[in-house]
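Asks: Have a look at this prediction, sequence included:
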Amino acid sequence: MQVTFFSTKPRERIYFEESNSRHHINFLTEDLEESSVTKAAGSQAICISPDDVVNEAMIEKLSDLNISLVLIRSLDYHNVDFESARRYDITVKWLPGYSPHAIAEYTVALLLSLNRKIHISYERIKQGNFSIGNLEGFNLYGKTVGIIGLGRVGYAFGKVMKGFGCNLLASDLEMIEDFTQAGFKYVSLQDLLKESDIVSLHCPQTNSSEGLISEENLKLIK
């Protein structure tokens, strides 16, 4: 199969060139736009980044180029119009299982940076200011962490936080019994927001999740 990659980063090209033995790949550094989409002519598929937008107009152009497959180099798919893709018989694939532990660990890194104000102290030190004023954080041990969306990433994040000695709450559309045995307590979204010291979002951006953290819900948080 001939595949055109858009928004290709150098490290991505190295990886796919080393691992690919079956397909012909055309690597482009350009983003997927009206001015660049025609460069996919002759390909049966395109592979895009999370920042490339495939809306209805773009789906029409892909269909005109006889492209039948859109691959997203991401665990999310909010940047693709699935309804239009179905109408034009274009298949869309993404990576729901992509590196959940790496994402979970990065989430923990962000949490620790915010909590311990590492980003603020870093900027101070660059300016020669070694003051520790207003840099106080709090121990994660014993705190309640609320996880909205207990998929692969949310579960991996929760397991790391359990290692810190945190209590785990979870809110999701369905309850998985194995997760409750692993120490996750399922509660409603409202109860999660009320009881949690830390709230972490691990749900896809969809119509149902848009505005999840609203003004009304923010009032519930400690």
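Replies: Sure thing, it's come through.
Asks: Please count neighbours and contacts with C-alpha atoms only from this point.
Replies: Fine.
Asks: Next up, the contacts around residue 214.
Replies: If a contact means CA atoms under 8 Å, 6 or more residues apart in numbering, then residue 214 has no contacts.
Asks: quick one, phi/psi of it?
Replies: Dihedral angles of residue 214 (phi, psi; degrees, to the nearest 10) stand at phi -100, psi 170.
Asks: end to end, how far does stretch 200-214 reach?
Replies: From its first residue to its last, stretch 200-214 covers 15 Å (CA to CA, to the nearest Å).
Asks: What residues of that stretch count as buried?
Replies: In terms of neighbour count (16 or more other CA atoms under 10 Å), stretch 200-214 has its buried residues at 200, 201, 202, 203.
Asks: Break down this structure into its strands, ranges please.
Replies: 2-5, 24-27, 45-48, 69-72, 91-93, 144-148, 167-171, 184-186, 198-201 (DSSP state E).
Asks: longest helix of the chain?
Replies: helix 100-115 (DSSP state H).
Asks: Give me the helices and strands touching that one, please.
Replies: helix 152-163 (3 or more CA pairs under 8 Å, 6 or more residues apart in numbering; DSSP states H and E).
Asks: let's see it at 10 Å
Replies: The contact analysis (3 or more CA pairs under 10 Å, 6 or more residues apart in numbering; DSSP states H and E) places helix 100-115 against helix 118-126, helix 152-163, strand 198-201.
Asks: Burial check on residue 219, number of neighbours?
Replies: 11 (other CA atoms under 10 Å).
Asks: Residue 156 versus the nearest residue to residue 185 once chain neighbours are set aside, what's the distance?
Replies: Spatial nearest neighbour of residue 185, chain neighbours left out: residue 169 (4.8 Å); criterion: CA to CA, 6 or more residues apart in numbering. Computed as CA to CA, the residue 169 to residue 156 distance reads 14 Å.
Asks: just checking, what packs against the helix-or-strand element of the chain with minimal mean pLDDT?
Replies: Least confident helix or strand of the chain, by mean pLDDT, DSSP states H and E, is helix 177-181 with a mean of 79. Under the contact criterion of 3+ CA pairs under 10 Å, 6+ apart, helix 177-181 touches strand 167-171, strand 184-186.
Asks: wait, doesn't residue 163 sit right on residue 143?
Replies: No: contact status for residue 163 versus residue 143: not in contact, 11.9 Å apart, counting by CA atoms under 10 Å.
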